[in-house]
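Student: generate coordinates for the sequence data below:
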Amino acid sequence: MKLAVIIALVVAISGCSHTTNSGSVDNNPAGKPIANDKYAMEIRELNQVIQKNSESGAAKNAHLKLAHLYSDHKNHRRNYHKAYHHLRTYISLEESSVDGEMLNWMASLKEIDRLSKQIAAQHEQINKMQGQLNKTKKAKLALGRTNRQLTREEIKLREKNRKLEESNQNLKKTIEMLKSLDQRLEEKRKNFK
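Tutor: Numbers count the residues shown, from 1 in each chain. Below you'll find the predicted structure:
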């Protein structure tokens with residue numbers, strides 16, 4: 001369902017970017033595509049027009065042209081959020097020449113902007129989870145090393161315990177032998193008296 005919506009939005013944007021608005025911009029926004037290295041320069045110039053006089057007709061047209069430039073398929077640095085912002089500003093300033101296609105284009109840009117924000121939030125969440133996963137992996141490795149070290153120590157202690165038990169058994173045998181010898185000596189002493 002979402003894939004169908006996204007495809008429809010892309011088709012709508014492609015269609016809208018090639019339509020012209022008769023009195024809106026001196027240069028046809030879908031006319032000759034501006035070369036990639038010229039996008040930044042054109043955007044900078046249009047932003048200066050807006051900054052000089054934001055209420056002029058040239059500023060209104062600059063907003064529309066910026067919306068086209070930011071959403072142009074040949075612009076490798078597309079920014080649908082800025083395209084949506086400039087189109088929304090243009091529509092608020094130029095209500096009389098707004099048609100259904102322009103409103104569709106704005107709705108598409110709004111949806112793309114919303115989905116872009118959602119994707120960015122998901123990427124941020126993925127990055128956080130990746131960080132947690134990396135920390136967990138490091139902790140697991142540390143626990144594995146500690147576990148191996150404790151296992152080696154346990155083996156050493158068991159070996160020491162076994163040797164101590166053997167030594168204890170030997171001592172018990174020696175004590176038993178000494179007791180037996182002591183009893184025999186005691187008996188011989190009694191016999192000599």
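
Student: show me what contacts the nearest residue to residue 59 once chain neighbours are set aside?
Tutor: Nearest non-adjacent residue to residue 59, counting by C-beta to C-beta, 6 or more residues apart in numbering: residue 50, 4.8 Å away. All C-beta spots, glycine's among them, are computed from the backbone N, C-alpha and C. By C-beta atoms under 8 Å, 6 or more residues apart in numbering, the contact set of residue 50 is 59, 62-63, 66.

Student: for residue 188, state which of those residues is nearest.
Tutor: Residue 188 has its nearest neighbour among those in residue 66, at 120.8 Å by C-beta to C-beta.

Student: which one of the contacts of residue 50 is nearest residue 142?
Tutor: residue 66 (53.2 Å).

Student: run a quick neighbour tally on the closest one.
Tutor: 25 (other C-beta atoms under 10 Å).

Student: is it true that it touches residue 86?
Tutor: Yes. Using C-beta atoms under 8 Å, residue 66 is in contact with residue 86, at 4.1 Å.

Student: domains in the protein, by residue range?
Tutor: Domain assignment for the chain by automatic domain parsing gives 2-120, 127-193.

Student: secondary structure element for the residue most central in space within the chain, which one?
Tutor: Against the mean C-alpha coordinate of the chain, by C-alpha atoms, centre = their mean, the closest residue is residue 127 at 2.8 Å. In this assignment (DSSP states H and E), residue 127 forms part of helix 100-192.

Student: and that helix, average pLDDT?
Tutor: Average pLDDT, helix 100-192: 93.

Student: from the contact counts, what lies against it?
Tutor: Applying 3 or more C-beta pairs under 8 Å, 6 or more residues apart in numbering; DSSP states H and E, one finds that helix 100-192 makes contact with helix 2-17, helix 80-93.

Student: now the weakest link among these, please, by mean pLDDT.
Tutor: Minimum mean pLDDT among the helices and strands packed on helix 100-192: helix 2-17, a mean of 54.

Student: in contact with residue 106, which residues?
Tutor: 84, 87-88, 91.

Student: repeat for residue 49
Tutor: 56, 58-59, 62.

Student: switch the residues you listed over to TSV; also include pLDDT, distance to residue 149 and secondary structure.
Tutor: Formatted as TSV, the contacts of residue 49 follow (pLDDT from 0 to 100; distance: C-beta to C-beta, whole Å; DSSP: H, G, I helix; E, B strand; the rest coil):
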residue	pLDDT	distance to residue 149	secondary structure
56	75	76	coil
58	86	75	helix
59	86	71	helix
62	91	69	helix
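
Student: buried only: go through the residues you listed for me.
Tutor: Neighbour-count burial (16 or more other C-beta atoms under 10 Å) applied to the contacts of residue 49 gives 59, 62.

Student: how about the contacts of residue 49, which pair is most distant?
Tutor: Spatially, the most separated pair among the contacts of residue 49 is 56 and 62, at 8.8 Å (C-beta to C-beta).

Student: ok, back up a step: for the contacts of residue 106, give me TSV that also has distance to residue 41.
Tutor: Shown next, in TSV, are these (distance: C-beta to C-beta, whole Å):
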residue	distance to residue 41
84	22
87	21
88	24
91	26
